[in-house]
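K.L.:
Have a look; sequence and predicted model below, questions after that.
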Amino acid sequence: MRRVLGVLIALLCTGGAAVLTWPQLFKLERTFPIAQIVSFRGPLAAAFAALAILALIFALARPIRALALTLAAVSLVAAGANAGILVSRGIGTDTLPDKTDTSLRVMTWNTAGSATAPETIAQIAVAMNADIITLPETTIDTGEKVAVDMGDLGRPMWAHHAEYGEYGIDGWDATSTTVLISPELGDYSVIESSQDGSSNTSTVPSAVAMPTSGDGPIVVAAHAVAPRQSYMQQWRDDLQWLADQCAADNVILAGDFNATLDHMAGLGVDGGALGRCHDAAADTGNGGVGTWTTEFPALFGAPIDHVLVSPKWRVTGSAVLKSLDSSGSDHRPLVVQLEPAEG
């Protein structure tokens, strides 16, 4: 009986480790609470390593030695697999290549509303020489202040936004998403369905800015609802809606997705991570670096802020700005550099 119980425990633990390490295999990557746990690959790898050590200690007791050694092996494999996934996606590069005449720089930063001062956003955006800045949880009043400050610093911007007012929740900065676009890219306008919510993310808004002159990209400033237990279906719907925005040839989708690459499994087409878009940070060695929360070291955080681009664009560099952890927001800014793809 003891042996049978030991085999059952070993099988259950092996199955649990497999689900937490590669939930896509079981179609559980967007299921509560698996989705929440797998967001944090760094802590998950550390937890499995700790369990392996604990199991080895228990192996000193002869009656449970075989079971303990089995669990130690399972935990060690799971720790290595999670660490390997983290490393394969990229654990950090801090430099961007020199900007060329054809380069485009995109910055996204969930500012946590009034927690981040407009002048701070402007100074960082100018220092990064950004052409497009997406700012979830940022009102248009703040966005216009940022644009004015950037103009004073020699980097003029047009400010656009979408907000949920009449059909959303008033008085909360998360119900507004702002996007700043350089006039060098031409004139832009946020489409009506973003403004009235008829086609948008479910609970907090995204802004789809279309060029009205010039040949600039469609810019989607994204904000998906957080996957709290009571919002799981809305979150899944938001990710599908965002994937649908990546159907055109010339799209830049940037913002707070409240999702890692694991959660996007199955939502990509033609080799994309989400729709036809590929993830800029993962392409350039930063896909495993946590952008939330700033309370954790970057490799122990969740990489939920993304810049995704359609095949028209080639990613040449990215940087997660860890030096701003004390700026007020609980998110880290992500900056990427793009070049037009050849052909």
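P.N.:
Cool, the structure landed.
K.L.:
mind listing the strands in the stretch 201-343 of the chain by residue range?
P.N.:
Here the stretch 201-343 of the chain has its strands, by DSSP state E, counting those that start in this stretch, at 207-211, 218-223, 251-256, 278-279, 305-309, 313-320, 334-340.
K.L.:
pLDDT weak spots in the stretch 51-200 of the chain?
P.N.:
The model of the stretch 51-200 of the chain has pLDDT under 70 over residues 165-172.
K.L.:
at 80 what do you get?
P.N.:
Applying pLDDT under 80 to the stretch 51-200 of the chain flags residues 165-173.
K.L.:
what are the ranges of the strands in it?
P.N.:
104-108, 132-136, 158-163, 176-181, 188-190.
K.L.:
For the strands of the stretch 201-343 of the chain, give me CSV that also has mean pLDDT and mean neighbour count.
P.N.:
C-beta coordinates here come from the backbone N, C-alpha and C atoms, glycine included. Formatted as CSV, these follow (pLDDT from 0 to 100; neighbours: other C-beta atoms under 10 Å):
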stretch, mean pLDDT, mean neighbour count
strand 207-211, 96, 22
strand 218-223, 98, 28
strand 251-256, 98, 28
strand 278-279, 98, 24
strand 305-309, 98, 29
strand 313-320, 97, 22
strand 334-340, 97, 23
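K.L.:
Could you export the ones you listed as a markdown table, including distance to residue 163?
P.N.:
Formatted as a markdown table, those follow (distance: least, C-beta to C-beta, whole Å):
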| stretch | distance to residue 163 |
| --- | --- |
| strand 207-211 | 9 |
| strand 218-223 | 11 |
| strand 251-256 | 14 |
| strand 278-279 | 27 |
| strand 305-309 | 20 |
| strand 313-320 | 27 |
| strand 334-340 | 23 |
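K.L.:
These: which one's closest to residue 91?
P.N.:
strand 313-320 (10.5 Å; C-beta to C-beta).
K.L.:
How far off centre is the closest one?
P.N.:
Centroid separation for strand 313-320 versus its chain: 14 Å, with C-alpha atoms, centre = their mean, to the nearest Å.
K.L.:
Select, out of the strands of the stretch 201-343 of the chain, the one closest to residue 288.
P.N.:
Among the strands of the stretch 201-343 of the chain, the nearest to residue 288 by C-beta to C-beta is strand 313-320 (10.0 Å).
K.L.:
Ok, which of the strands of the stretch 51-200 of the chain comes nearest residue 12?
P.N.:
Among these, strand 132-136 sits nearest to residue 12 (C-beta to C-beta), with 39.6 Å.
K.L.:
Can you tell me which helices and strands the closest one packs against?
P.N.:
strand 104-108, helix 118-127, helix 140-152, strand 176-181, strand 218-223, strand 251-256 (3 or more C-beta pairs under 8 Å, 6 or more residues apart in numbering; DSSP states H and E).
K.L.:
Name the residues that touch the first one?
P.N.:
It refers to strand 104-108. For strand 104-108, the external contacting residues (C-beta atoms under 8 Å, 6 or more residues apart in numbering) are 96, 99, 124-125, 128-136, 217, 221, 252, 254-256, 280, 305-307, 313, 333-339.
K.L.:
do you know how far the closest residue to residue 125 other than its chain neighbours is from residue 118?
P.N.:
Leaving out its chain neighbours, the residue that sits closest to residue 125 by C-beta to C-beta, 6 or more residues apart in numbering is residue 133, at 5.1 Å. Noted for residue 133: a distance of 12 Å to residue 118, by C-beta to C-beta, to the nearest Å.
K.L.:
what sits in contact with each of those two?
P.N.:
Counting by C-beta under 8 Å, 6+ apart, the shared contacts of residue 133 and residue 118 are residue 146.
K.L.:
Before we move on, what's the pLDDT of residue 216?
P.N.:
Residue 216 carries a pLDDT value of 91.
K.L.:
quick one: the nearest residue to it once chain neighbours are set aside and residue 89, what's the gap?
P.N.:
Among residues not flanking residue 216 along the chain, residue 185 sits closest, at 3.8 Å (C-beta to C-beta, 6+ apart). Here the criterion is C-beta to C-beta. By it, residue 185 lies 30 Å from residue 89.
K.L.:
ok, now residue 71?
P.N.:
27 Å.
K.L.:
just residue 105 next, same as before
P.N.:
Counting by C-beta to C-beta, the gap from residue 105 to residue 89 is 22 Å.
K.L.:
Next: residue 263.
P.N.:
13 Å.
K.L.:
Between these two, which is the more surrounded one?
P.N.:
residue 263 (25 against 21; other C-beta atoms under 10 Å).
K.L.:
The more buried one against residue 32, yeah?
P.N.:
No. Judged on C-beta atoms under 8 Å, residue 263 makes no contact with residue 32 at a distance of 11.8 Å.
K.L.:
In a markdown table: the helices and strands packed on strand 132-136, plus distance to residue 237.
P.N.:
Output for the helices and strands packed on strand 132-136, formatted as a markdown table (distance: least, C-beta to C-beta, whole Å):
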| stretch | distance to residue 237 |
| --- | --- |
| strand 104-108 | 21 |
| helix 118-127 | 29 |
| helix 140-152 | 25 |
| strand 176-181 | 17 |
| strand 218-223 | 13 |
| strand 251-256 | 16 |
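K.L.:
Quick check: which of the ones you listed is nearest to residue 317?
P.N.:
Nearest to residue 317, of those and by C-beta to C-beta, is strand 104-108 at 9.2 Å.
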